[in-house]
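*Asks:* sequence and predicted structure are below.
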Amino acid sequence: MNVVRIAPSILSADLGRLADEVRAAEAAGADWIHVDVMDGRFVPNITFGPAIVRAVRAATKLPIDVHLMVVEPERHLEEFAAAGADGLSVHVEASTHLQRTLHAIRQLGKRAGVVLNPHTPEENLRWVLEDFDLVLVMTVNPGFGGQAFLPAMVPKIRRVRELIDQAKHPIELEVDGGIAPDTVRTVVEAGARVLVAGHSIFDQPDRAAAIRALRAAAA
């Protein structure tokens, strides 16, 4: 659980060359591929559907980490699972019956994740602590790539780490938003072990060097 994983977000990739971008990220040393699904309702932007997940699945053997920024996420679980997602993460704020949704993800044989927006307290996790396998702490307000990291989230990451360490099973702690070499050390020291990064990987000419820079900063 102390190994830091790098999950490039295809939100920042060149979508006209999506398969090549995914293969390049894998060759560069990525651990997971992160897919941000936005519906234009839970967040302002609209991005990807199951067809994109299928395309990513065809391009890589890496685990595909799907972040559902959608209302009523329970309606879409089976389709994204069938498309090739290895993990499905849903927002506390969007899930009326969170425990039921997490149970449904596990029933599909997928890693169940919970996501917290910046304003959402970590105490929400306590009541479903045995029902998820990953928690994603947003370090920006979700909906768009390229936003600046919110330093106020660092104490929250620490509190989430303390909370999930009480669980009876391993839980990954993931962060997403403004992750770059100058912010990595802070979030890793706070307890994060999965780092979602978009611009700091896909906007760089040498993706392998970009991933190495993130790992070096984490160390």
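*Replies:* Noted; the coordinates are in hand. Residues are numbered from 1 along each chain as shown.

*Asks:* burial of the nearest residue to residue 212 once chain neighbours are set aside, as a residue count?
*Replies:* Among residues not flanking residue 212 along the chain, residue 29 sits closest, at 7.1 Å (C-beta to C-beta, 6 or more residues apart in numbering). C-beta: built from backbone N, CA, C; applies to glycine. Residue 29 has 16 neighbouring residues, counting by other C-beta atoms under 10 Å.

*Asks:* what does residue 92 give?
*Replies:* Residue 92: 17 surrounding residues under other C-beta under 10 Å.

*Asks:* again, but for residue 212
*Replies:* 15.

*Asks:* residue ranges in the chain under the pLDDT threshold?
*Replies:* Counting by pLDDT under 70, the ranges of the chain that qualify are 1-2.

*Asks:* would you map the strands across it?
*Replies:* Secondary structure of the chain (DSSP state E): strands at 5-8, 33-38, 64-69, 87-91, 111-116, 134-138, 172-176, 194-197.

*Asks:* residue 37 and residue 119, how far apart?
*Replies:* Computed as C-beta to C-beta, to the nearest Å, the residue 37 to residue 119 distance reads 21 Å.

*Asks:* which of these two has more residues huddled nearby?
*Replies:* Neighbour count, other C-beta under 10 Å: between residue 37 and residue 119, residue 37 has more, with 25 against 8.

*Asks:* quick one: neighbours of the residue lying closest to residue 116 once chain neighbours are set aside, just the number.
*Replies:* Nearest residue to residue 116, sequence neighbours excluded (C-beta to C-beta, 6+ apart): residue 137, at 5.5 Å. Burial of residue 137, expressed as a neighbour count using other C-beta under 10 Å, amounts to 27.
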